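Chemist: Structure, please.
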Amino acid sequence: MPGASAKTIVYVVDDDQGVLGSLRFLLETDGFAVRTFRSGPALLDAIDQGPVDCIVIDYKMPGMNGIDLARGLRDRKVHAPIVMITGYPDETISSRASVVGVQHVVVKPHLEESLVWHIRAALQENGAPA
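Modeler: Now for the predicted structure:
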């Protein structure tokens, strides 16, 4: 499948700077435009500053976890698809995430193998070109 157009903008939220750098590299290599944030509040402060096609959120972050962030985005009427990443999977995370509008949950450390696929699937499910 060819890379995404430069018009496909993905926001990534993770408190780990190393993970942010790796995800930026992975997604930019696949043709996405990427903007990164170190916390949920940082994303919420910036969410109205430009278009976003998909949002990748880490589940476990200090202060505001990924589910709370997703809820905050939906409360602000952000309709971009959300893909949650986690290194702490449990049997309830997918169901709790779906309640707040998260379409996909991807388990670390295998992000390179499936994150781009999940982003493309979420975009297509949301009616956007992937």
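Chemist: drop to CA atoms for contacts and neighbour counts, all remaining ones
Modeler: Fine.
Chemist: now the helix or strand where residue 68 lies: mean pLDDT?
Modeler: Element membership for residue 68 (DSSP states H and E) is helix 66-75. Mean pLDDT, taken over the full extent of helix 66-75, equals 96.
Chemist: Which positions within that helix qualify as buried?
Modeler: When burial is assessed from 16 or more other Cα atoms under 10 Å, helix 66-75 yields the following buried residues: 66, 67, 69, 70, 71, 72, 73.
Chemist: The residue lying closest to the first one once chain neighbours are set aside - how many residues pack around it?
Modeler: It stands for residue 66. Distances taken as Cα to Cα, 6 or more residues apart in numbering place residue 59 nearest to residue 66, at 4.0 Å, with adjacent residues excluded. Neighbour count of residue 59, defined by other Cα atoms under 10 Å: 25.
Chemist: so where does residue 56 fall, helix or strand?
Modeler: With DSSP H and E as criterion, residue 56 is part of strand 54-58.
Chemist: what helices or strands is that strand leaning on?
Modeler: For strand 54-58, the helices and strands in contact under the criterion 3 or more Cα pairs under 8 Å, 6 or more residues apart in numbering; DSSP states H and E are strand 9-13, strand 82-86, helix 111-125.
Chemist: Can I get these in CSV including mean pLDDT?
Modeler: Supplementary listing: those in CSV, determined by pLDDT from 0 to 100:
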stretch, mean pLDDT
strand 9-13, 97
strand 82-86, 95
helix 111-125, 89
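Chemist: could I get the ones you listed as CSV with mean neighbour count and distance to residue 96?
Modeler: Formatted as CSV, those follow (neighbours: other Cα atoms under 10 Å; distance: least, Cα to Cα, whole Å):
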stretch, mean neighbour count, distance to residue 96
strand 9-13, 24, 19
strand 82-86, 25, 11
helix 111-125, 17, 17
